[in-house]
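Enquirer: just coords:
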């Protein structure tokens, strides 16, 4: 792993400047060359250039890289330590208590631990509180004023609470892994027995803890079950009722990341049922949190842009939606993780198709030039299927009929096992409609489309549970009725409300 690359790409402009100052102060007499190399490497990594690395093979280059890497790590340690103290992290005070114990200053240590215990009680920091109680046990033989029974009772209580937190994390990861595997396989079947069986493995999950982190895990697990079933209407109702029970303090530094994740889930859930008003409400709260903390900003940037641009499409602002994605990719592409970058590129390609910019849409799709197995492993089969369907439509618009037919044949061959499932049952009839458009363009009209819809057992409300399906239907109806895709898209969305 190239640590210089991976660390430098996480830096904001402020962090970059601070590191250069830190580096210069650490090595005032010999830092010029090191700083110059770091600056050039940093610019090189951000440029996504395929040319040879600067300085590679030059004398002392390896030694310079080692010094840069070492100081990057030192800088991060200091910066994160300062950040923790700003967020009222108490590790420093516990270290002070240990220091007093080493010098047998038990009374002083006890006083420090009592103060820290109050902080831990107020913040429900069970792990830190356990550390405090264990240190008190270490002091107790030499400090007669301590209450053994009280400490014993508290340790047992804290151990149980910490066990609940740890087991919930294990349970959460177990369910998350199950969900990921199902996505990769395109499997939409699910049984609640899988949840109950896993739950029985953990003895301390019978009582829930009123903590934002635990709330987030509850919401995630609820979301997993309903997302697999594609039952977003019920999911929105349940999550809204759950959300109302939460007492958010958005300026609470310690919990901001949990709040951001919850706001994202709420916004995305409402997006799935086309309740754009509520989706925007939670998206705005997420944006507020993003502006408070740099790490939150970059963690949610890709997902925020995806939702914001999608809402704009249905608010008669498709050009603005396209610009939002293009600007994000242009400014922050190196900050986005791989999945978010791929999703935004595919979304942008679809919007360009709807907006009749077919060449640019095709150019973007051509950037996905790795194997299907790579994209299936990285993004899942549903994403891969959507990419190939968009590619087929673009080929049709560009009059590359042979390539379009070849793509459709490939889809039928690779995804036959999915077509029988409820989630994908419209794909095969849709492909047949595309083939009819290719082979008998002179016969297609509105009546023909209605006939096809009967064959599909077309029900608008059910088909458009996933708003992204409207894009595909709007394109097809536009061809069958000689209308622009975006005009059809807005009309179809209006009919749903």
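Expert: Okay, I see it. These numbers were taken from a predicted model, which means no experiment stands behind them. Numbers count the residues shown, from 1 in each chain.

Enquirer: please make it C-alpha for all contacts and neighbour counts, starting now.
Expert: Noted.

Enquirer: list the buried residues in stretch 418-435.
Expert: Neighbour counts over stretch 418-435 (16 or more other C-alpha atoms under 10 Å) mark 418, 423-424, 426-431, 433-434 as buried.

Enquirer: tell me the pLDDT at residue 123?
Expert: Looking at residue 123, its pLDDT stands at 81.

Enquirer: what number of residues lie near it?
Expert: Using other C-alpha atoms under 10 Å, residue 123 has 12 other residues around it.

Enquirer: now it: how far from residue 244?
Expert: To residue 244, residue 123 is 21 Å away according to C-alpha to C-alpha, to the nearest Å.

Enquirer: of all the buried residues of stretch 418-435, which comes closest to residue 445?
Expert: Nearest to residue 445 out of the buried residues of stretch 418-435 is residue 433 (C-alpha to C-alpha; 11.9 Å).

Enquirer: how many neighbours does residue 235 have?
Expert: Using other C-alpha under 10 Å, residue 235 has 22 other residues around it.

Enquirer: does it touch residue 269 like I think?
Expert: Yes. Counting by C-alpha atoms under 8 Å, residue 235 touches residue 269, with 7.5 Å between them.

Enquirer: OK, contacts around the nearest residue to residue 132 once chain neighbours are set aside?
Expert: Counting by C-alpha to C-alpha, 6 or more residues apart in numbering, residue 132 lies nearest to residue 113, which is 6.1 Å off, once chain neighbours are set aside. Taking C-alpha atoms under 8 Å, 6 or more residues apart in numbering, we find residue 113 in contact with 94, 97, 132, 136.

Enquirer: now swap in residue 490 and tell me
Expert: 314, 316.

Enquirer: pull out the buried positions in the helix or strand harbouring it.
Expert: Element membership for residue 490 (DSSP states H and E) is helix 485-495. Using 16+ other C-alpha under 10 Å as the test for burial, helix 485-495 gives 485-486, 488-490, 492-493.

Enquirer: let me see the ranges of the strands in the stretch 101-250 of the chain.
Expert: Counting by DSSP state E, counting those that start in this stretch, the stretch 101-250 of the chain has no strands to list.

Enquirer: any weak-confidence spans in it?
Expert: Low-confidence segments of the stretch 101-250 of the chain (pLDDT under 70): 179-180, 182-184, 186-196, 198-199, 205-211, 214, 225, 227-230, 245, 247-250.

Enquirer: repeat the analysis, applying 80 as the threshold.
Expert: 164-165, 168-169, 171-172, 175-215, 217-235, 238, 241-242, 244-250 (pLDDT under 80).

Enquirer: which residues in it form helices?
Expert: For the stretch 101-250 of the chain, the helices defined by DSSP state H, counting those that start in this stretch occupy 106-123, 126-139, 148-185, 192-199, 212-229, 232-244.

Enquirer: can you lay out these as JSON lines showing distance to residue 380?
Expert: Shown next, in JSON lines, are the helices of the stretch 101-250 of the chain (distance: least, C-alpha to C-alpha, whole Å):
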{"stretch": "helix 106-123", "distance to residue 380": "39"}
{"stretch": "helix 126-139", "distance to residue 380": "37"}
{"stretch": "helix 148-185", "distance to residue 380": "4"}
{"stretch": "helix 192-199", "distance to residue 380": "21"}
{"stretch": "helix 212-229", "distance to residue 380": "14"}
{"stretch": "helix 232-244", "distance to residue 380": "20"}
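
Enquirer: out of these, which comes closest to residue 398?
Expert: Using C-alpha to C-alpha as the measure, helix 148-185 is the one of the helices of the stretch 101-250 of the chain that comes nearest residue 398, at 31.3 Å.

Enquirer: just name whatever secondary elements that closest one is in contact with.
Expert: Counting contacts by 3 or more C-alpha pairs under 8 Å, 6 or more residues apart in numbering; DSSP states H and E, helix 148-185 is packed against helix 126-139, helix 192-199, helix 212-229, helix 372-379, helix 381-397.

Enquirer: export the ones you listed to TSV and append columns for mean neighbour count and distance to residue 77.
Expert: Shown next, in TSV, are those (neighbours: other C-alpha atoms under 10 Å; distance: least, C-alpha to C-alpha, whole Å):
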stretch	mean neighbour count	distance to residue 77
helix 126-139	19	20
helix 192-199	12	38
helix 212-229	18	25
helix 372-379	15	31
helix 381-397	20	38
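
Enquirer: among those helices, which comes closest to residue 322?
Expert: Closest of the helices and strands packed on helix 148-185 to residue 322 is helix 381-397, at 16.3 Å (criterion: C-alpha to C-alpha).

Enquirer: helices and strands around that closest one, which ones?
Expert: Short answer (3+ C-alpha pairs under 8 Å, 6+ apart): helix 381-397 packs on helix 148-185, helix 338-354, helix 358-365, helix 372-379, helix 401-414.

Enquirer: coming back round to it: redo the helices and strands packed on helix 148-185 as CSV? Include distance to residue 152.
Expert: Formatted as CSV, the helices and strands packed on helix 148-185 follow (distance: least, C-alpha to C-alpha, whole Å):
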stretch, distance to residue 152
helix 126-139, 9
helix 192-199, 29
helix 212-229, 26
helix 372-379, 49
helix 381-397, 53
